[in-house]
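1. How does the following fold in three dimensions:
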Amino acid sequence: MKSRTAEKTVEALMTRFNKNPQSLVFSRLADEYRKDGNYSKAIEICINGLQNHPAYVTGRIVLGMCYTEQGNHQAAIQELLAAIALDRKNQSAMKLLADLFNRQRDGQTAGKLYHMLS
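-> Residues are numbered from 1 along each chain as shown. Predicted coordinates for the structure are as follows:
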């Protein structure tokens, strides 16, 4: 259940998003839906936003986190790899990707990524 503060945050972000659907605020809005457990809404917002901004790394990371929390690890890996392809030094994407490979018991790949982070 969302707190009143979280509800106000979503409302404010939704207002900004509705005023300008082409803006980058989509990633913050999607992340709020993700935090609330509404993965389908978060994924829908990210996919639509990334159609307008395919090189927006933060949007790809948020989408990767949504897929991860939804249990769709292959889609999460694809999004995180896309984020890293756009920004090879993005530590958030590398850490999330390493954690995913670790969960899938691919310690070798995870280890390489963790090593790159250190």
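2. State the mean pLDDT of the longest helix along the chain.
-> Ordering each helix of the chain by length in residues (DSSP state H) puts helix 4-19 first. The average pLDDT for helix 4-19 rounds to 86.
3. mind listing what's buried in that helix?
-> Buried positions in helix 4-19, judged by neighbour count with 16 or more other C-beta atoms under 10 Å: Thr9, Val10, Leu13, Phe17. Yep, even glycine has a C-beta here, placed from its N, CA and C like the rest.
4. possible to save the residues you listed as CSV with distance to Lys95?
-> Formatted as CSV, the buried residues of helix 4-19 follow (distance: C-beta to C-beta, whole Å):
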residue, distance to Lys95
Thr9, 25
Val10, 26
Leu13, 25
Phe17, 28
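5. can you give me the helices in the protein?
-> Remark: helices assigned in the chain by DSSP H are 4-19, 26-35, 39-52, 57-70, 73-86, 91-103, 107-117.
6. State the distance from the residue lying closest to Ala75 once chain neighbours are set aside to Ala85.
-> Take Ala75 and drop its neighbours on the chain: the residue closest to it by C-beta to C-beta, 6 or more residues apart in numbering is Tyr67, 4.2 Å away. The spacing between Tyr67 and Ala85, counted by C-beta to C-beta, to the nearest Å, is 17 Å.
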